[in-house]
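Novice: I'll drop the sequence and a predicted model, then ask my questions.
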Protein chains: 4
Amino acid sequence: MKKILATGFEPFGGESINPALEAVKQLDGRIIAGHQIITRALPVVQKKSIAAVSGSIRELQPALVLAIGQAGGRPEISVERVAINIDDYRIPDNEGNQPVDAPIVSAAPAAYWSTLPIKAMVERMRRNGIPAGISNSAGTFVCNHLFYGLMHYLHQGGNQIRGGFIHIPYLPEQAARNPGQPSMGLETIVRGLMLALEAALETGEDIKMGAGKIH
Amino acid sequence: MKKILATGFEPFGGESINPALEAVKQLDGRIIAGHQIITRALPVVQKKSIAAVSGSIRELQPALVLAIGQAGGRPEISVERVAINIDDYRIPDNEGNQPVDAPIVSAAPAAYWSTLPIKAMVERMRRNGIPAGISNSAGTFVCNHLFYGLMHYLHQGGNQIRGGFIHIPYLPEQAARNPGQPSMGLETIVRGLMLALEAALETGEDIKMGAGKIH
Amino acid sequence: MKKILATGFEPFGGESINPALEAVKQLDGRIIAGHQIITRALPVVQKKSIAAVSGSIRELQPALVLAIGQAGGRPEISVERVAINIDDYRIPDNEGNQPVDAPIVSAAPAAYWSTLPIKAMVERMRRNGIPAGISNSAGTFVCNHLFYGLMHYLHQGGNQIRGGFIHIPYLPEQAARNPGQPSMGLETIVRGLMLALEAALETGEDIKMGAGKIH
Amino acid sequence: MKKILATGFEPFGGESINPALEAVKQLDGRIIAGHQIITRALPVVQKKSIAAVSGSIRELQPALVLAIGQAGGRPEISVERVAINIDDYRIPDNEGNQPVDAPIVSAAPAAYWSTLPIKAMVERMRRNGIPAGISNSAGTFVCNHLFYGLMHYLHQGGNQIRGGFIHIPYLPEQAARNPGQPSMGLETIVRGLMLALEAALETGEDIKMGAGKIH
């Protein structure tokens, strides 16, 4: 059976859990549109995160890769549009690296687009009652780092594997410790990710749905 | 068996559902700490909402009344501290009333405190992983109107019935139609309300937990 | 000549300046609608702030008292509607007091309304291009404490002195040290306060302008 | 004398003024670090905005180009890091164009970096008391369109002209009509832009100052 690789990061930034990791545990082994989901936990570490995802791609040869990360403070599931070739870490990663304005890959493009149908994914989630939106920046920390490294690897590979990144909110238990922050239940997150993956598998050319931002 | 009266508002402001109404449907008939929850739907209408809750109190003679309303845009369950004696409706209520700066009850106090142990309720929810906080303003629309009318009725009555108000976030399906808004799953909301009611029933004098705001 | 008393707080919460104090320095001695503005700096201290304003009122016998405080994080000049009888300090005041859920004045009303024409003040500012709004909560720290104490003093006094409270944003130089926070230039703040005071002096019964909040 | 080209957009989105246009009017003719500022108003129109800036560059042969746009809702002066090759307009531009997910330039890079020293510019503003920050997304409307087109033109040209984009907040008079929105006085904006341009002219390689975002 064809495979989907879904990755989730380990906890970081003082949190003891990462909703992305909890979500991929739930996704592991599920079947969507004739594809089986295989999942991997990734370290929140510069370079090692990219090496880990690249290794898993070589091992599994999936049809599609979806990397998932926590975006504490965001209220909805956000499908990232673009990864940029810069590291500018506001906090150290889990091994203490804190690069400022360093390229992720030297002499490589400034940015890569997600090769997933991001609008179809958002539309599928919203239509089914899951709060979702497009994001035009995955930040400049390890989430963007991994997203960029993933897309660079896929472009170098000469293969047909599609890839992208989704940010998810805090879980309620995290927001209970961070008063005032929005959250989303794990069940809603998992249902949203399943819908997003289903849309990604069923959509060739992305739909034309306006979801831009003025600034 | 002793009774708790829990009320939820009907939909308003262009929404086809109200999470407060959905939540009280789930609460109806449940037993907490030796009390049975009886629920009522309330109209989002000036005066009629107060008349409805007063009638239900006379009918049921509950030990405790918790009124519940939707606060679209808030990320957590917020336990209201105080009701103020003013109507200033930004939008018309469900029967077209739109008072501006009119007292809810003439020649009555400027405000009433919730008589529920609001800090114990927040602490119980947070400790169990439910995002919760104290709010110092229930707004100036029908939620505050009903909250004020409820507390005025209970104070006039010479009885021992305690009462208060809780605002809850949008449901995910509402946020899916209002991109960028925070939400909370119904299961989390219901679990939070059960914990809040349990704490209210088990707590005499409220705990001293700082949850103030600078401004 | 009739007098207006305008008070501004000293710096607190780690800031080296307080825009309220900077603003009242600019207001000192100005004439509005036949009244002269006299200003006083107030300590950000429980009880002492109230004692200071009461002493100044006895000394000056002003026609109107406007207390002004900093609301870091708010984007506009906000005219407070109501003061509540509670101290719940998220941080210690400038002498280390940090009460939790204590009444400001025992056996006193739960709340006092501003006796200034708050809607006319907001309307006058907006009409002249100054960002302004109504706030339904002055928080539970020293600003609300002073506001409540001021209104209680004026009500006890059997006099005709009107009083109220205005919160103002950070100055740009404060926001430059607190990235992401909104701010307002001192000139705009001072112009707004002059307009608000002018409207307060020229308005008897407040105008009916909707400025309510749903929640 | 060497020249700087500073552009500001015309009003859009229902506003009758654009702070960017007001700011460049103030900048016109000023001298900074041996360069004279020449300014141009640009239409908020797909393609025409790029044609206009390209024409002005050919005409003026400036050493540096700074394009300035309004970001209603942002509280500080934000220096943009990167322009992306996509048009996704949430509202129509001033001639009714509303492209969805169309490339700005076909067969061109996904993104261009600002070639201005963005960190030095932010640091210079903050040090002088002007609220400022780095932004990792200029949106997907005409501001990003012009920014991308400008950088593409400069890269194609084989010249040494540096370029970048700055977003500025609403003016107070705009926020007075859009309650709840942050704003910044024109004097503060102009002073910030002067400092940013000064830092841009005086800085070769950008400073290493962390200003990243987690997501």
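Specialist: The structure has been received and is ready for your questions.
Novice: please enumerate the strands of chain A.
Specialist: With strands called from DSSP state E, chain A shows them at A:2-9, A:31-32, A:35-42, A:64-70, A:77-80, A:82-84, A:87-88, A:100-102, A:111-113, A:132-135, A:162-168.
Novice: of those strands, which approaches A:Cys143 most closely?
Specialist: strand A:64-70 (3.9 Å; CB to CB). Where C-beta positions appear, they are placed from N, C-alpha and C, glycine not excepted.
Novice: as TSV, the strands of chain A with mean neighbour count would be great.
Specialist: Shown next, in TSV, are these (neighbours: other CB atoms under 10 Å in any protein chain shown):
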stretch	mean neighbour count
strand A:2-9	22
strand A:31-32	15
strand A:35-42	19
strand A:64-70	27
strand A:77-80	27
strand A:82-84	29
strand A:87-88	24
strand A:100-102	17
strand A:111-113	21
strand A:132-135	23
strand A:162-168	26
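Novice: format the ones you listed as JSON lines; extra columns: mean pLDDT and distance to C:Leu5.
Specialist: Output for these, formatted as JSON lines (pLDDT from 0 to 100; distance: least, CB to CB, whole Å):
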{"stretch": "strand A:2-9", "mean pLDDT": "98", "distance to C:Leu5": "57"}
{"stretch": "strand A:31-32", "mean pLDDT": "97", "distance to C:Leu5": "69"}
{"stretch": "strand A:35-42", "mean pLDDT": "98", "distance to C:Leu5": "62"}
{"stretch": "strand A:64-70", "mean pLDDT": "98", "distance to C:Leu5": "51"}
{"stretch": "strand A:77-80", "mean pLDDT": "98", "distance to C:Leu5": "51"}
{"stretch": "strand A:82-84", "mean pLDDT": "98", "distance to C:Leu5": "55"}
{"stretch": "strand A:87-88", "mean pLDDT": "98", "distance to C:Leu5": "50"}
{"stretch": "strand A:100-102", "mean pLDDT": "97", "distance to C:Leu5": "51"}
{"stretch": "strand A:111-113", "mean pLDDT": "98", "distance to C:Leu5": "58"}
{"stretch": "strand A:132-135", "mean pLDDT": "98", "distance to C:Leu5": "50"}
{"stretch": "strand A:162-168", "mean pLDDT": "98", "distance to C:Leu5": "52"}
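Novice: how about these in CSV, adding distance to B:Ala138?
Specialist: Listed next are the strands of chain A as CSV, based on distance: least, CB to CB, whole Å:
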stretch, distance to B:Ala138
strand A:2-9, 39
strand A:31-32, 44
strand A:35-42, 43
strand A:64-70, 32
strand A:77-80, 30
strand A:82-84, 42
strand A:87-88, 42
strand A:100-102, 45
strand A:111-113, 46
strand A:132-135, 29
strand A:162-168, 31
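Novice: let me have those in JSON lines, extended by distance to chain C.
Specialist: JSON lines is the format used below for the strands of chain A (distance: least, CB to the nearest CB, whole Å):
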{"stretch": "strand A:2-9", "distance to chain C": "24"}
{"stretch": "strand A:31-32", "distance to chain C": "39"}
{"stretch": "strand A:35-42", "distance to chain C": "29"}
{"stretch": "strand A:64-70", "distance to chain C": "20"}
{"stretch": "strand A:77-80", "distance to chain C": "19"}
{"stretch": "strand A:82-84", "distance to chain C": "20"}
{"stretch": "strand A:87-88", "distance to chain C": "14"}
{"stretch": "strand A:100-102", "distance to chain C": "16"}
{"stretch": "strand A:111-113", "distance to chain C": "24"}
{"stretch": "strand A:132-135", "distance to chain C": "18"}
{"stretch": "strand A:162-168", "distance to chain C": "19"}
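Novice: list just the one of the ones you listed that sits closest to chain B.
Specialist: Closest to chain B of the strands of chain A is strand A:132-135 (CB to the nearest CB; 5.2 Å).
Novice: elements contacting that closest one?
Specialist: strand A:77-80, helix A:118-127 (3 or more CB pairs under 8 Å, 6 or more residues apart in numbering or on different chains; DSSP states H and E).
Novice: ok, which of those comes nearest C:Ser56?
Specialist: Among those, strand A:77-80 sits nearest to C:Ser56 (CB to CB), with 52.6 Å.
Novice: so what's A:Ser114 closest to, chain neighbours aside?
Specialist: Counting by CB to CB, 6 or more residues apart in numbering or on different chains, A:Gly164 is the residue found nearest to A:Ser114 once chain neighbours are left out, at 3.7 Å.
Novice: do I have it right that that neighbour meets A:Leu116?
Specialist: Yes. Between A:Gly164 and A:Leu116 there is a contact under CB atoms under 8 Å: 3.6 Å.
Novice: common neighbours of these two, please.
Specialist: Overlap between the contact sets of A:Gly164 and A:Leu116, as judged by CB atoms under 8 Å, 6 or more residues apart in numbering or on different chains, is given by A:Leu66, A:Val79, A:Ala200.
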